[in-house]
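[1] here is my input; please provide its structure:
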Amino acid sequence: MLDGFSAEMLARFQFAFTVSFHIIFPAFSIGLASYLAVLNGLWLRTRDETYLTLFNYWKKIFAVAFGMGVVSGIVMSYQFGTNWSVFSDKTGPVLGPLLAYEVLSAFFLEAGFLGIMLFGRERVGSKLHMFATAMVAVGTLMSATWILSANSWMHTPDGYSINELGQFVPEDWWKIIFNPSFPYRLTHMVLAAFLTTAFVVAGVAGWHLLKDRTNVATRRMFSMAMWMAAIVTPLQIFAGDLHGLNTLEHQPAKVMAMEGHYDSHPEGAPLILFGIPNPEEKHIDYAIEIPKVSSLILKHSLNAPLDGLDTIPDDEEPPVSIVFWSFRIMVGLGFAMLGVGVWSLWRRWRGTLYDDRWLHRISIIMGPSGFVAVLAGWITTEVGRQPFTVYGLLRTSTSLGPVEAPAVAASLIAFIVVYFFVFGAGTFYILRMMSKPPGAAKLGLNVGPIRAAGITPALQIKPDILPPGD
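    Okay, the predicted model is just below:
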């Protein structure tokens, strides 16, 4: 023990810290790679220079985000071999090949075509450049597929047997890869990545629209981001509902913690909107609830019975408070995204999408919302799986390697210091690139003095001759 912290708690916090830093970059790069492929395709089809301007603007941001994602991901693999060596030994025959497939079939695809996408348009031609851009996008989606398959197997293990050494060994790779929760979790994560990117793009566009609403490229990317928010957010809510039903079937204790159901409800469970979990008394204090709606959502019947945590052994209950609040943050942000999407449709219909300054301000505020929602979702998923690493089969406490608390604490402190300096600098650089309007860097313009002089920069047109919509 180190001042009350065991090696297990420190190792768990270390992995949570590093994976939280890591996940925000793939969540952004997955969506941004697809966005770049769409922009490049639209430019090839229409030869509208606006799309090319946006492609060149966002590809630089993608390159930095991709690099930080790669670096932050490498660290986690070392933790498997040090802090969690017992977990690696027992699950390696199953998870090792899945992670290797991710590197060989997905990461190499991304990295191999990345240079062509970034620098090769003039060297290989537009069509081959488009192919390379598409392969980078496909590679990011394939990476998500393999990683989600491996992680989903830890939640809903299938297609395995356990040998005399206590190792999980593969029996049916089809069942391992396409385990029961995998399709739902992959869909939920990919849609989350698209929404994360959409709201970053919308936030950047909103920032520049507040300064100058006549920039055609800014208007175009705001329009595209708002279409994504309006169309994908309802799909994400629907996918999340299906994911929740799947979780109820395979990990009921997690759903009980998400809903705050300490007690069973034989005749319809209430939907607890807010409250304060009280783990000592196993009760939600100051609960604001809607009678029987939880049963309606989870069982599609107002009077359907729902089990509570009173049916789960105390040593198998997940930490309710963390799961309860992280789930509400994720859902709350999802409905906020839906509200922005509906608001944009209303303004688009009224022909004032680029004139509503409050919509632009809200878009800036909502810019980081996708990252927060992704983090909240991962916290809900991973903390809700506790106290297991392989759900119901391998406990976290028995997955830890032979490490001492001081050693884990020292590496944790080192990670915190290095991460904040390195990734803080990278994030600052990304924000600095975003602070410049699209097209300004290409033309070498310092647009501040130009606007101050009353001159309209290139790539901009007067409001009275703007097209009615994008």
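[2] any idea whether the closest residue in space to Glu267 that isn't next to it in sequence is helix, strand or coil?
    Nearest non-adjacent residue to Glu267, counting by C-beta to C-beta, 6 or more residues apart in numbering: Asn303, 5.5 Å away. Where C-beta positions appear, they are placed from N, C-alpha and C, glycine not excepted. Taken by DSSP: H, G, I helix; E, B strand; the rest coil, the conformation at Asn303 corresponds to coil.
[3] right, and Asn303 touches Pro266 too?
    No - assessed by C-beta atoms under 8 Å, Asn303 is found out of contact with Pro266, at 9.2 Å.
[4] circling back to that earlier point, report pLDDT for the residue nearest to Glu267.
    Here, the pLDDT recorded for Asn303 equals 87.
[5] that one: what's it in contact with?
    Shown in contact with Asn303 (C-beta atoms under 8 Å, 6 or more residues apart in numbering): Glu267, Gly268, Lys292, Ser295.
[6] equivalent analysis for Thr18, please.
    Ser72, Val75, Met76, Gln79, Phe415, Tyr419.
[7] could I get those in TSV, plus columns for neighbour count, secondary structure and pLDDT?
    What follows is the contacts of Thr18, written out as TSV (neighbours: other C-beta atoms under 10 Å; DSSP: H, G, I helix; E, B strand; the rest coil; pLDDT from 0 to 100):
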residue	neighbour count	secondary structure	pLDDT
Ser72	22	helix	77
Val75	19	helix	79
Met76	15	helix	78
Gln79	21	helix	81
Phe415	16	helix	85
Tyr419	18	helix	83
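[8] about what we covered before: ok, so of the contacts of Asn303, who is nearest Leu99?
    Proximity of the contacts of Asn303 to Leu99 (C-beta to C-beta) peaks at Ser295, which lies at 39.4 Å.
[9] so the closest one makes contact with Ser301?
    Yes - counting by C-beta under 8 Å, Ser295 touches Ser301, with 6.1 Å between them.
[10] show me where the protein has strands.
    160-162, 168-170, 271-278, 283-290, 388-390, 394-395 (DSSP state E).
[11] C-alpha coordinates for stretch 424-442, PDB please?
    Extracted C-alpha coordinates of stretch 424-442, given in PDB (Å, rounded to 0.1, in the frame of the first residue of the first chain):
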ATOM      1  CA  GLY A 424      -0.800  19.800 -24.100                       C
ATOM      2  CA  ALA A 425       1.600  21.200 -26.700                       C
ATOM      3  CA  GLY A 426       0.000  19.200 -29.400                       C
ATOM      4  CA  THR A 427      -3.500  20.300 -28.500                       C
ATOM      5  CA  PHE A 428      -2.400  23.900 -28.300                       C
ATOM      6  CA  TYR A 429      -0.900  23.600 -31.800                       C
ATOM      7  CA  ILE A 430      -4.200  22.100 -33.100                       C
ATOM      8  CA  LEU A 431      -6.200  24.900 -31.600                       C
ATOM      9  CA  ARG A 432      -3.800  27.400 -33.100                       C
ATOM     10  CA  MET A 433      -4.400  25.900 -36.600                       C
ATOM     11  CA  MET A 434      -8.100  26.000 -36.000                       C
ATOM     12  CA  SER A 435      -8.000  29.600 -35.000                       C
ATOM     13  CA  LYS A 436      -7.100  30.500 -38.600                       C
ATOM     14  CA  PRO A 437     -10.000  30.600 -41.100                       C
ATOM     15  CA  PRO A 438      -9.800  28.100 -44.100                       C
ATOM     16  CA  GLY A 439      -8.000  29.600 -47.100                       C
ATOM     17  CA  ALA A 440      -6.000  32.200 -45.100                       C
ATOM     18  CA  ALA A 441      -2.900  30.100 -44.800                       C
ATOM     19  CA  LYS A 442      -3.000  29.100 -48.500                       C
END
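[12] mean confidence for that stretch?
    What stretch 424-442 shows for mean pLDDT is 82.
[13] stretch 346-362 too?
    Stretch 346-362 comes out at a mean pLDDT of 91.
[14] for stretch 175-182, measure first residue to last.
    One end of stretch 175-182 sits 10 Å from the other (C-alpha to C-alpha, to the nearest Å).
[15] residue contacts, Leu333?
    Ser369, Val372, Ala373, Ala376.
[16] now it: how far from Phe55?
    The gap separating Leu333 from Phe55 is 28 Å, by C-beta to C-beta, to the nearest Å.
[17] how about Ala239?
    Ala239 is 29 Å from Phe55, by C-beta to C-beta.
[18] anything in contact with each of Ser295 and Ser301?
    By C-beta under 8 Å, 6+ apart, the residues touching both Ser295 and Ser301 are Gly268.
[19] more neighbours, the two?
    Between Ser295 and Ser301, counted using other C-beta atoms under 10 Å, the more crowded position is Ser295 (21 against 11).
[20] buried sites along the lengthiest helix in the chain?
    Across the chain, the longest stretch assigned as helix under DSSP state H is helix 7-46. By neighbour count on 16 or more other C-beta atoms under 10 Å, the buried set for helix 7-46 is 7-8, 10-12, 14-15, 18-40, 42-43.
[21] follow-up on the earlier one: by neighbours, which of the contacts of Leu333 wins?
    Busiest of the contacts of Leu333 [other C-beta under 10 Å] is Ala373, holding 24 neighbours.
[22] and the average pLDDT for stretch 81-88 is what?
    87.
[23] again, but for stretch 232-251
    Stretch 232-251 shows a mean pLDDT of 93.
[24] quick one: buried residues of it?
    Val232, Thr233, Gln236, Ala239, Gly240, His243, Gly244, Asn246, Thr247, Leu248, His250, Gln251.
[25] any chance of those residues in JSON lines with distance to Ser149 as columns?
    Formatted as JSON lines, the buried residues of stretch 232-251 follow (distance: C-beta to C-beta, whole Å):
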{"residue": "Val232", "distance to Ser149": "23"}
{"residue": "Thr233", "distance to Ser149": "25"}
{"residue": "Gln236", "distance to Ser149": "20"}
{"residue": "Ala239", "distance to Ser149": "17"}
{"residue": "Gly240", "distance to Ser149": "19"}
{"residue": "His243", "distance to Ser149": "15"}
{"residue": "Gly244", "distance to Ser149": "20"}
{"residue": "Asn246", "distance to Ser149": "15"}
{"residue": "Thr247", "distance to Ser149": "17"}
{"residue": "Leu248", "distance to Ser149": "21"}
{"residue": "His250", "distance to Ser149": "15"}
{"residue": "Gln251", "distance to Ser149": "17"}
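[26] nearest to Pro402 among the residues you listed?
    Ranked by distance to Pro402 (C-beta to C-beta), those are led by Gln251 at 29.5 Å.
[27] and that closest one, how far from Val390?
    Gln251 sits 12 Å away from Val390, taking C-beta to C-beta as the criterion.
[28] burial count for Met189?
    Applying other C-beta under 10 Å, we find 26 residues neighbouring Met189.
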